[in-house]
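S.K.: sequence and predicted structure below; questions after.
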Amino acid sequence: MQALIKGIVLLLALFALAVGARSVDVGADDHVLREVTDLQAKAAEGLPILVEFALTGCPHCHVAEEEFLKPMIRSGEYEGKVLIRKLLMDRGNTVVDFDGQEIAARDLARRYGAVVAPTVVVLSPDGELLTDPVVGLKTVDFYGGYLYRAIDRAVEAMAARDAAEVAMR
C-alpha cells in the first residue's frame, strides 16, 4: 500500500512539473512575435519589415499568429530576410514612425489601409509598401501561401532597389 501511495505522489509530482514547464513555455512563446514600437530602429537593420496589424482579442489575428507568424519566426528560415512584428491598433498606443516622429497606431494602420484585422503589410526600411497587403484571414488553407508570396515579393523588390542604387553609383 505504501508503494502505491509513493507511486501516486511521484506521478502527481511529475504531472505538476510537466504542467509548470508547459506554462513557462507558453509564457515565453508570447514573446516570439514582438509588438513593434519603433519602426525607425527596425528600419536601421535594412530588412523588409512584415507588420501584422491586429486587434486585442481578435480570433482571426490569433490564428494568423499561432498558425503562421510564430512558426515562421521559430523556424529561423526568415531570420536575416525579413523582420516579423505585430502592432495592436486598438490600444491607443503610439509608434515611432520611419521618420522618427511618434504616430498613433491607428493612424499608421490607416496609412497602410489596415481597416480589417488582421492585415499584414511588408514595408521597406523607409516605410514604402513593398507588396499588396494581406487583408483578413480568408481561408487558413491559403493564408500561409499569401504570406510567403508577400515576403518573397518584398525581398525581390528590395534586391531590385538595391541593384538600381548600385547601378546609379
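M.R.: It's in.
S.K.: CA atoms for contacts and neighbours, from now on please.
M.R.: Noted.
S.K.: just the helices in the chain please.
M.R.: Per DSSP state H, the chain carries helices over the ranges 2-29, 39-43, 59-64, 70-75, 105-111, 140-168.
S.K.: can you flag the weakest of the ones you listed by average pLDDT?
M.R.: Note on those: helix 2-29 shows the lowest mean pLDDT, a mean of 44.
S.K.: tally of neighbours for residue 55?
M.R.: Neighbour count of residue 55, defined by other C-alpha atoms under 10 Å: 20.
S.K.: residues contacting it?
M.R.: Counting by C-alpha atoms under 8 Å, 6 or more residues apart in numbering, residue 55 touches 61, 88-90, 117-118.
S.K.: could you redo the residues you listed as a markdown table and give each row distance to residue 130 and neighbour count?
M.R.: Output for those, formatted as a markdown table (distance: C-alpha to C-alpha, whole Å; neighbours: other C-alpha atoms under 10 Å):
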| residue | distance to residue 130 | neighbour count |
| --- | --- | --- |
| 61 | 22 | 22 |
| 88 | 21 | 20 |
| 89 | 21 | 23 |
| 90 | 24 | 13 |
| 117 | 19 | 20 |
| 118 | 18 | 27 |
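S.K.: which of the residues you listed sits closest to residue 155?
M.R.: Closest approach between the contacts of residue 55 and residue 155, by C-alpha to C-alpha: residue 118, at 21.5 Å.
S.K.: ok, now which ones touch residue 103?
M.R.: Residue 103 touches 94-97, counting by C-alpha under 8 Å, 6+ apart.
S.K.: if anything else comes up later, I'll come back, but that's it for now.
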